[in-house]
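Asks: Output the structure for:
(chains A and B)
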There are 2 protein chains.
Amino acid sequence: MSKLIRLGFLGCGNIGGGVWHLLDAMHDEILRRDGIDVRVTKALVLSIPEARTDVPRGILTERADDILTDPEIDIVCEFMGGEQPAARFMQRALEHGKTVVTANKMALALNWDKLDAAARASGAGLYYEASVGGVIPVIRSLTVSLEADRVTQVMGIVNGTTNYILTRMTQEGSDYADVLADAQRLGLAEPNPAADVEGFDAAYKLSILTSIAFHTRVPYEKIYREGITGVTAADIAGGREMGYTLKLLAIGKRTGDEIEVRVHPTFLPDSHPLARVDGSLNAIFIQGDYCKDMMLQGRGAGDQPTASAICGDILYAAMNADRPTRPSFANTAEADPALTFCDDWRCRFFIRAEVEDRPGVLASVAATFAGEGISIDSVRQSSARDGRAWITLITHEAQEKAVRRAVAAFEGGPVRVESVIRAEG
Amino acid sequence: MSKLIRLGFLGCGNIGGGVWHLLDAMHDEILRRDGIDVRVTKALVLSIPEARTDVPRGILTERADDILTDPEIDIVCEFMGGEQPAARFMQRALEHGKTVVTANKMALALNWDKLDAAARASGAGLYYEASVGGVIPVIRSLTVSLEADRVTQVMGIVNGTTNYILTRMTQEGSDYADVLADAQRLGLAEPNPAADVEGFDAAYKLSILTSIAFHTRVPYEKIYREGITGVTAADIAGGREMGYTLKLLAIGKRTGDEIEVRVHPTFLPDSHPLARVDGSLNAIFIQGDYCKDMMLQGRGAGDQPTASAICGDILYAAMNADRPTRPSFANTAEADPALTFCDDWRCRFFIRAEVEDRPGVLASVAATFAGEGISIDSVRQSSARDGRAWITLITHEAQEKAVRRAVAAFEGGPVRVESVIRAEG
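Replies: Below is the predicted model of the structure:
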């Protein structure tokens, strides 16, 4: 006996179309295998006459409430993107007891409380595997497979656009602006690239990822965020010479009861698994008390991979329709009161500075760092030119604030610090 | 209100001890978070007086039926290893309606039918995430996250011992026998290493992996199996020169309605993500129609990582105790009748041969391959020594049987084929 599951789509552009095609192609196999008869019964578009979609025109509607409040719809799939009206629509669907499936990290990260409350109140389910890392099954791995373990660290390459830009800068020695322009020309970066290159997108994803990994609410506002717009070809080349690769990482660490959450360009040793995740690929590196280290990598974007993850959620929700769950919100809504957020983390630092070419300058740099308790792992000094030279160094693990004090101490002096980039791994 | 879940352990050596410690450390957190009160109430050992275990002695028993038929036990965790009596005990537990959690690939792969039938008959659950790839959440990713997609390929490094041996042979240029002896000395290979180095272990895992990935029964006997005992330092060096890395891969491919399943040493281009998975790490590379390619990597063995995966299964089973499932057997027990097994797959081939150093020998080699429809991708000829030279070549994709015919055609002639190794990627 099969179970009929009726879907309502909010939006049906590229991703919605991908989901529609996959469900269509797999309909009979899913019915045979899982006994679930999945049908898309309504799809919201801005304008029916102007809608360009593969979804049958007979199911299109321009009224959101035709979907959000229709008692015949079981699962609402949100493909609109952006915070609003997506979040409002999802909330309304949840309030009406409909399970929601979404890939919308922005709407989730900024409306966590409301969506969770609505889902809890009505008992509806909320699924969002595709919101972080696209097709990479990281949400389910954290919520189910690692539920009995204690995750201590997640580090992710979760934004394909910035990884593409940094990969090309690394491989070609090109400047940021040139690669960005090329990526925009190729459609790999938005005309307004801020959401990606300033790290907003990665920070939304980190909020979701760490809330689940650490079983507590990690508000978006708690995340330190720094994009890649200030990264130079010289920084990347300096790191390469020392055996490091630059990535924009979303980092969450738990040490005892302290949590640190930050998004910033990060140097990784070339031997680190994340250092080899190139182009628009995404990957998430996880460490835990018992699982030790693991890494999941795959396509973080693209219509078909995103559709695959969304359809996985749809089927999971359909199979669990008789007992709606909120697979991770259920674990995370009540913040662990013991946990606090840390803003003075320890990591390694890559520092590049222009210095006067005279004896003792390296000694004075080292002394300034030593005065803040920072020890240097390795250092390179370029040969001088016009009386100036460059020092590139990597510190051992040091406190963020101590490094900031040391850098501030150089201000106005003969050592001109051009770049400070954190390093992990 | 919390739900009491009582576990019975079959065996409590290193892995059982790891599970016990993790459940103990996480008991209160799991109770608070998930409302599940997990307790180990009985543990089977061969001899109570001789048992060396951290599990409290008061719960030890020497009688399997104390656990298998005890109505008070909800979940039976099998840590015995080996086919029997593990498979018999699991079957009996399932028949008594108990959910079983196991990491035992051998017992599973060789007793698939019986265990599945017992689970179906009683409605009990059967979970085995840790049986393939240790802590890597590949079973759950295939059964849940990719349930709506069509998986076309799985390629895994699923045996840590052989990956450790091949990695050291590659990095050090050492011979197989020397590295094996060293691995045995370090406890990284068994005194009788056959299960690992002959590919049996990888084949058991491939049977499980492909049965799930392709939603059909893939009997262990259908798997082509070749171990690493014949691999030489010269093969590895020859591949390295051409930009390839040697791995023991478990490969499953689905092309239309044909399935091929094989375990053998395999050259991968250095740029392939699996080529960089070194030492005792495991990784599984998955391709599907919509998900495209993804890779999951992590610890394939070790007490703590294995315990993490097992405890993930235990919690999942506990949370679903009121509606027992067989998360993947349910999908796989009924073989898809349209699927057939292929024994003449296409792949690339690495061939190393000793030849007479005279003009025209390369042309004759190429002509023999061409006669079988095999084209050569790249070839290297060593400088001659004592009138003999070496040819190393990689073919384009070719039929397995055509390559075998070509190699047979050289027999007794001036071209002495020393190695034929498949290549993928």
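
Asks: which bits of the stretch 201-350 of chain A sit near chain B?
Replies: Contacts of the stretch 201-350 of chain A with chain B, taken as CB under 8 Å from any CB of the partner chain, map to A:215, A:273, A:276, A:288-299, A:302, A:304-305, A:307-309, A:311-312, A:314-316, A:323, A:331. Where C-beta positions appear, they are placed from N, C-alpha and C, glycine not excepted.

Asks: mind listing which of those are in helices?
Replies: A:304-305, A:307-309, A:311-312, A:314-316, A:331 (DSSP state H).

Asks: Just the buried residues of stretch A:201-221, please?
Replies: By neighbour count with 16 or more other CB atoms under 10 Å in any protein chain shown, stretch A:201-221 contains the buried residues A:201-218, A:220.

Asks: now swap in stretch A:397-404 and tell me
Replies: Quick answer for stretch A:397-404 (16+ other CB under 10 Å): A:398, A:400, A:402-403.

Asks: next one: stretch A:222-233
Replies: A:222-228, A:231, A:233.

Asks: which non-adjacent residue is nearest A:Ala384?
Replies: A:Asp357 (3.5 Å; CB to CB, 6 or more residues apart in numbering or on different chains).

Asks: Do me a favour and get the backbone dihedrals for the one you found.
Replies: Phi and psi for A:Asp357, reported as degrees, to the nearest 10, are phi -90, psi 80.

Asks: surely it meets A:Arg388?
Replies: Yes - applying CB atoms under 8 Å as the test, A:Asp357 and A:Arg388 come out as touching, 6.0 Å apart.

Asks: Name all residues that make contact with the residue of the stretch 301-425 of chain A found nearest chain B.
Replies: Residue nearest to chain B within the stretch 301-425 of chain A (CB to the nearest CB): A:Cys311, separated by 3.4 Å. Applying CB atoms under 8 Å, 6 or more residues apart in numbering or on different chains to A:Cys311 gives the contacts A:19, A:22-23, A:26, B:148-149, B:290.

Asks: Of the residues you listed, select the buried ones using a PyMOL command.
Replies: Applying 16+ other CB under 10 Å to these, the buried members can be selected in PyMOL as follows:
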select buried, (chain A and resi 19+22+23+26) or (chain B and resi 148+149+290)
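
Asks: Any stretches of chain A with poor pLDDT?
Replies: For chain A, the stretches with pLDDT under 70 are A:323-337.

Asks: quick one, phi/psi of the residue of it positioned farthest from its centre?
Replies: Distance to the chain centre peaks in chain A at A:Pro359, reaching 45.6 Å (criterion: CA atoms, centre = their mean). Phi and psi for A:Pro359, reported as degrees, to the nearest 10, are phi -60, psi 140.

Asks: contacting residues around it?
Replies: Applying CB under 8 Å, 6+ apart, we find A:Pro359 in contact with no residue.

Asks: Repeat that for A:Val355.
Replies: A:Val355 touches A:361-362, A:365, A:381, A:388-391, A:414-416, counting by CB under 8 Å, 6+ apart.

Asks: Just confirm A:Ile73 contacts A:Val40, I think it does.
Replies: No - the pair A:Ile73 / A:Val40 is not scored as a contact, 9.8 Å apart, by CB under 8 Å.

Asks: Return every residue with contacts to both of the two.
Replies: Jointly contacting A:Ile73 and A:Val40 under the rule CB under 8 Å, 6+ apart are A:6-8.

Asks: Look up how far chain B lies from the residue nearest to A:Gly425 when sequence neighbours are not counted.
Replies: Among residues not flanking A:Gly425 along the chain, A:His272 sits closest, at 4.1 Å (CB to CB, 6+ apart). Distance, A:His272 to chain B, by CB to the nearest CB, to the nearest Å: 11 Å.

Asks: helices or strands next to the helix or strand harbouring A:Gly156 in the packing?
Replies: Using DSSP states H and E, A:Gly156 falls within strand A:151-157. Here strand A:151-157 touches helix A:200-213, strand A:244-255, strand A:281-288, going by 3 or more CB pairs under 8 Å, 6 or more residues apart in numbering or on different chains; DSSP states H and E.

Asks: That strand pairs with which strands?
Replies: Applying DSSP bridges, strand A:151-157 is found paired with strand A:244-255 (antiparallel), strand A:281-288 (antiparallel).

Asks: Tell me if the helix or strand following that strand is near chain B.
Replies: Downstream of strand A:151-157, the next assigned helix or strand under DSSP H and E is helix A:160-172. No - using CB under 8 Å from any CB, we find that helix A:160-172 stays clear of chain B, coming within 12.5 Å at best.

Asks: now helix A:160-172 against strand A:281-288, angle please.
Replies: 100 degrees (axes from the mean of the first three to the mean of the last three CA atoms, to 10 degrees).

Asks: Check the gap between A:Gln84 and chain B for me.
Replies: 29 Å.

Asks: which stretch of helix or strand covers the spatially closest residue to that residue that is not a sequence neighbour?
Replies: The spatial neighbour of A:Gln84 that comes closest, neighbours along the chain excluded (CB to CB, 6+ apart), is A:Ala107 at 7.7 Å. A:Ala107 is located in helix A:105-122, with elements delineated by DSSP H and E.

Asks: in that helix, what counts as buried?
Replies: For helix A:105-122, the neighbour count (16+ other CB under 10 Å) marks A:105-112, A:115-116, A:118-119, A:122 as buried.

Asks: ok, and what's touching it?
Replies: A:78, A:81-84, A:86-87, A:90-91, A:94-97, A:100, A:102, A:124-126, A:128, A:131-132, A:200-201, A:203-205, A:207-208, A:211, A:217, A:219-220, A:326, A:329, A:333.

Asks: So chain A: which segments form each domain?
Replies: According to automatic domain parsing, chain A comprises the domains A:3-134+A:304-332, A:138-299+A:337-341, A:346-423.

Asks: Using PDB, write out every CA atom in stretch A:145-152.
Replies: What follows is stretch A:145-152 as a C-alpha-only set of coordinates in PDB (Å, rounded to 0.1, in the frame of the first residue of the first chain):
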ATOM      1  CA  SER A 145      25.600   9.500  13.100                       C
ATOM      2  CA  LEU A 146      27.500  11.600  15.600                       C
ATOM      3  CA  GLU A 147      24.700  12.100  18.100                       C
ATOM      4  CA  ALA A 148      26.400   9.900  20.700                       C
ATOM      5  CA  ASP A 149      29.800  11.500  20.300                       C
ATOM      6  CA  ARG A 150      31.100  14.900  21.400                       C
ATOM      7  CA  VAL A 151      32.100  17.000  18.400                       C
ATOM      8  CA  THR A 152      34.900  19.400  19.300                       C
END
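
Asks: Need the contact partners of that stretch.
Replies: A:142, A:213-214, A:253-255, A:286-291, A:331, B:22-23, B:25-26, B:29-30, B:34, B:129, B:135, B:137, B:140, B:308-309, B:311-312, B:314-316.

Asks: how much space is there between A:Ala353 and A:Val361?
Replies: According to CB to CB, to the nearest Å, A:Ala353 stands 10 Å off from A:Val361.

Asks: who touches both of these two?
Replies: Jointly contacting A:Ala353 and A:Val361 under the rule CB under 8 Å, 6+ apart are A:391, A:415.

Asks: Neighbour count for these two, which is higher?
Replies: More neighbours surround A:Ala353 than the other of A:Ala353 and A:Val361, with 20 against 17 (other CB atoms under 10 Å in any protein chain shown).

Asks: Could you double-check that that one lies in contact with A:Pro414?
Replies: No - A:Ala353 lies out of contact with A:Pro414 (CB under 8 Å); the separation is 9.8 Å.

Asks: Which neighbours do the two have in common?
Replies: By CB under 8 Å, 6+ apart, no residue touches both A:Ala353 and A:Pro414.

Asks: Start and end of stretch A:220-232, how far apart?
Replies: 27 Å (CA to CA, to the nearest Å).

Asks: And the contacts of it?
Replies: When contacts are defined by CB under 8 Å, 6+ apart, stretch A:220-232 is touched by residues A:109-110, A:162, A:165-166, A:169, A:175-176, A:197-200, A:202-204, A:206-207, A:246, A:248, A:261-265, A:341, A:343, A:418-419, A:421.
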